[in-house]
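Participant: quick one, what's the 3D model for this:
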Amino acid sequence: MGILITVLVVVLVLALLGFALSVRIVKQYERGVLFRLGRVQGPRPPGFRLIIPFVDVLHRVSLRIVTQPIQSQGIITRDNVSVDVSAVAYFRVVDAVKSVVAIENVRAAIDQIAQTTLRKVVGQHTLDETLSETDRINLDIREILDVTTVDWGVEVTLVELKDIQLPESMKRAMARQAEAEREKRAKIINAEGESLAAAALGDASDTMMAHPLALQLRNLQSLVEIGVDKNTTVVFPAPLMTTIAELGAFLARESAAATPPPPQPAPAPTSGRAPLRMAAAVAMPRPDEVGPTK
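Facilitator: Numbering: from 1, shown residues only. Below is the predicted model of the structure:
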């Protein structure tokens, strides 16, 4: 009787041990890949699963998105500028069987292929493109990784450049360039303001020429603005000085008109003989025209 009980206990213990070795729990975010004697039997959905001990092997594969940081590395851009670029990649397993059979370590493979792809893509762009067109660079890296990892059962969902470190000399040069750009914009805005002000002043001058009283009112307003400071400055507006000059010219003309002109000398009288003498002189022949006398 004691031997029977011992055998039953041993059998029960072995059954419990075999059941414990056969039970597998696949979580909701996992997929199981079952191998039986080294051959793939296919994926196993989440839940309670039983396997044959020492015959079956169940690999659990997580289907959650994995964050893979890409360490910083020195890259020479197309315009021969050395920069240190780091990034981060997000990927997930879409085919559990391929991720186990096609590649040994998915995370290590993604890390290495992401580093080489990052170096190749950034090296094809200039520094300005790397700094300003990060979205296009991220898309190019993702497309290259998707083509490479599709045979691994992995989908790269997102790639982002995380940090770009520039040399100190390049930082100073870019700061000077940015300052020059701001000065250029300031000068352009100032020139545009001067142009608009000149156009407005031209319109105002045309209006004042059409309405002379407006110019006088403007002069009076300027005098009021100057007098606010309670200073001892005496200001004569330009129209007043012009009026004074015109008044002086008018008085000079009036004085010249009131003064009588000086007497003119009378011409010398002429007699009636002078014409006769001139006529005789004209009628007489010259000595060289007279021939020899007989």
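Participant: bridged to Val57, which residues?
Facilitator: Bridge pairing for Val57 (DSSP bridges) gives the partners Phe35.
Participant: show me the contacts for it.
Facilitator: 34-36, 51 (CB atoms under 8 Å, 6 or more residues apart in numbering). All C-beta spots, glycine's among them, are computed from the backbone N, C-alpha and C.
Participant: and if you look at Ala252?
Facilitator: So Ala252 contacts nothing (CB under 8 Å, 6+ apart).
Participant: and it, how far from Ala258?
Facilitator: 11 Å (CB to CB, to the nearest Å).
Participant: likewise Ala210?
Facilitator: 38 Å.
Participant: do Leu8 as well
Facilitator: For Leu8 relative to Ala258 (CB to CB), the value is 160 Å.
Participant: and what of Val9?
Facilitator: 157 Å.
Participant: so between the two, which is more surrounded?
Facilitator: The neighbour count for Val9 versus Ala258, taken as other CB atoms under 10 Å, is higher for Val9 (10 against 7).
Participant: figure out the helix or strand that that one lives in.
Facilitator: helix 2-22 (DSSP states H and E).
Participant: make sure Pro53 is indeed in a helix.
Facilitator: No - secondary structure of Pro53 (DSSP: H, G, I helix; E, B strand; the rest coil): coil, not part of a helix.
Participant: dump the residue contacts of it.
Facilitator: Pro53 makes contacts with 18, 21-22, as judged by CB under 8 Å, 6+ apart.
Participant: and the residues you listed as CSV, adding neighbour count and distance to Met170?
Facilitator: Converted to CSV, these look like this (neighbours: other CB atoms under 10 Å; distance: CB to CB, whole Å):
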residue, neighbour count, distance to Met170
Gly18, 13, 68
Leu21, 12, 62
Ser22, 14, 63
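Participant: format the residues you listed as CSV; extra columns: pLDDT.
Facilitator: As requested, the contacts of Pro53 are arranged in CSV below (pLDDT from 0 to 100):
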residue, pLDDT
Gly18, 80
Leu21, 82
Ser22, 82
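Participant: turn those into CSV, including distance to Asp140.
Facilitator: CSV is the format used below for the contacts of Pro53 (distance: CB to CB, whole Å):
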residue, distance to Asp140
Gly18, 54
Leu21, 49
Ser22, 49
